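Peer 1: give me coordinates for this.
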Amino acid sequence: MPDRETELAEIRARHAGADGASPEHQRGFATTCTNTILETTFDPLRWTVPGYLPEGLSILAGRQKLGKTWLAIDFAIAVAIGGVAMGSVECEQGDVLYIDLENGQRRIQRRITTLFPYEQVRPDLGRLRWATASPQLGEEFLHALDLWRGLVAKPVLVVVDVLQRIKPAGSAARNSYENDYAALSDLQQWATTHGSSVLVLHHTRKGGADDPLEALSGSNGLSACADTTLVLDRTSAGITLYVRGRDVDEKETALSFDVGRWSILGEAATVRRSDERTAILAALVNATEPTSPRDLMAETGMARNNLDQLLLKMVRGGEVLKAQRGRYIHSERRDLLNPDKNDKTGKNQTGGQRLN
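Peer 2: Now for the predicted structure:
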């Protein structure tokens, strides 16, 4: 077996050029030592909308007419005036370019005046600029972004509404994943290089998916290329904004929408539990007899496992009383307790005794 020095000599000879150039002058990987990386001081990640929209390329997806544009405008205005997004998230002020390819200036004006009907108290929106025409994604589009950057003091956010209007046709030589990834890769690189946020609006497919990122229309190449993906969705439990990304902690936030304005209600799971508690209590307070879980399922639309777990917590918390085996009452409806169906002691829960 050749020793290491002999092996290295063979590698150098094999990769030397026709002129005998050493491997150092040949094309290869540009590497950096781990220690060098650890000793480097990097700028902190910049948040455009803290907790939701960091620098880099983000996709905001949702079904049609669900309010994606209103949410993007909410972000854009919050940044342009240094205000709050979704009613409570404070944003640092900066310049915003909103590329709106679906609405036109008349509808833009109507949206802004809906949000700020009184001109006397309307904030200065001079740092929010609009474009209603755009080249397709590619060199011309990136050149236009560079020109905008040169015209403003602090370029922070670019919104593209919507992706389909500027997405170039794919190549027949590539599959859909490769085409989708390639369509956004240069834009992602531009956003990362300049430390800006680019928010691209997109649609979700009909029928949804178990994984929110799988719900995006098209292939997985879009979410794979994006640094952050936000999915706006509505179910019977309400409206939520799901966020997942390379630099974002995964979260799902419950939102409310009223006259063009989005507001955060809280962490979705907490709000959902609160709503389910309210539904259970409403069903029990109006009941005429102790209620079974099956009847509560019909009243609230909850799954049996979730219902059982929540009922257990509510009994422990004193919100609900267990009147008899498999039957529940509201804590304020002790009139429904039936002594004949208590346990062997003959005492009900009002006397502090055990129930079946």
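
Peer 1: does H143 sit in a helix, a strand or a coil?
Peer 2: Under DSSP: H, G, I helix; E, B strand; the rest coil, the three-state class of H143 is helix.

Peer 1: pull up the gap between it and S274, please.
Peer 2: 50 Å (C-beta to C-beta, to the nearest Å). Where you see a C-beta, it was placed from the backbone N, CA and C, and this is true even at glycine.

Peer 1: the two - which one has more neighbours?
Peer 2: S274 (13 against 10; other C-beta atoms under 10 Å).

Peer 1: need phi/psi at the more buried one.
Peer 2: S274 adopts backbone torsions of phi -60, psi -40, taken as degrees, to the nearest 10.

Peer 1: what's the separation between it and E267?
Peer 2: 10 Å.

Peer 1: again, but for G260
Peer 2: Distance from G260 to E267, by C-beta to C-beta: 24 Å.

Peer 1: residues in contact with T192?
Peer 2: 55-57, 227 (C-beta atoms under 8 Å, 6 or more residues apart in numbering).

Peer 1: quick check, nearest of those to S219?
Peer 2: L57 (16.2 Å; C-beta to C-beta).

Peer 1: run through the bridge partners of the closest one.
Peer 2: Going by DSSP bridges, L57 is paired in beta bridges with V198.

Peer 1: between G260 and E267, which is the more surrounded one?
Peer 2: G260 (17 against 14).

Peer 1: how close does the more buried one get to T114?
Peer 2: Counting by C-beta to C-beta, the gap from G260 to T114 is 5 Å.

Peer 1: equivalent analysis for D233, please.
Peer 2: 23 Å.

Peer 1: the two: who's more crowded?
Peer 2: Just comparing D233 and T114: by other C-beta under 10 Å the higher neighbour count belongs to D233, 21 against 13.

Peer 1: ok, now which ones touch the more buried one?
Peer 2: 62-63, 66, 204, 208, 212, 215, 239-240, 242.

Peer 1: buried ones in stretch 102-121?
Peer 2: 108, 111-112, 115 (16 or more other C-beta atoms under 10 Å).

Peer 1: would you map the helices across the stretch 101-250 of the chain?
Peer 2: Taking DSSP state H, counting those that start in this stretch to define them, one finds helices in the stretch 101-250 of the chain at 104-115, 139-151, 176-194, 221-225.

Peer 1: the longest one versus helix 139-151: what angle between them?
Peer 2: Per axes from the mean of the first three to the mean of the last three C-alpha atoms, to 10 degrees, the angle that helix 176-194 makes with helix 139-151 is 20 degrees.

Peer 1: what mean pLDDT does helix 176-194 get?
Peer 2: In this model, helix 176-194 has a mean pLDDT of 96.

Peer 1: and stretch 63-74, by the same measure?
Peer 2: Stretch 63-74 comes out at a mean pLDDT of 95.

Peer 1: show me what counts as buried in that stretch.
Peer 2: Buried residues in stretch 63-74 (16+ other C-beta under 10 Å): 63, 66-74.

Peer 1: between the two ends of that stretch, how far is it?
Peer 2: With C-alpha to C-alpha, to the nearest Å as the measure, the first residue of stretch 63-74 is 18 Å from its last.

Peer 1: now do stretch 315-326
Peer 2: By C-alpha to C-alpha, the extent of stretch 315-326 from end to end equals 12 Å.

Peer 1: buried residues in that stretch?
Peer 2: Buried, per 16+ other C-beta under 10 Å, within stretch 315-326: 315, 319-324.

Peer 1: how about stretch 252-261?
Peer 2: 252-255, 257, 260.
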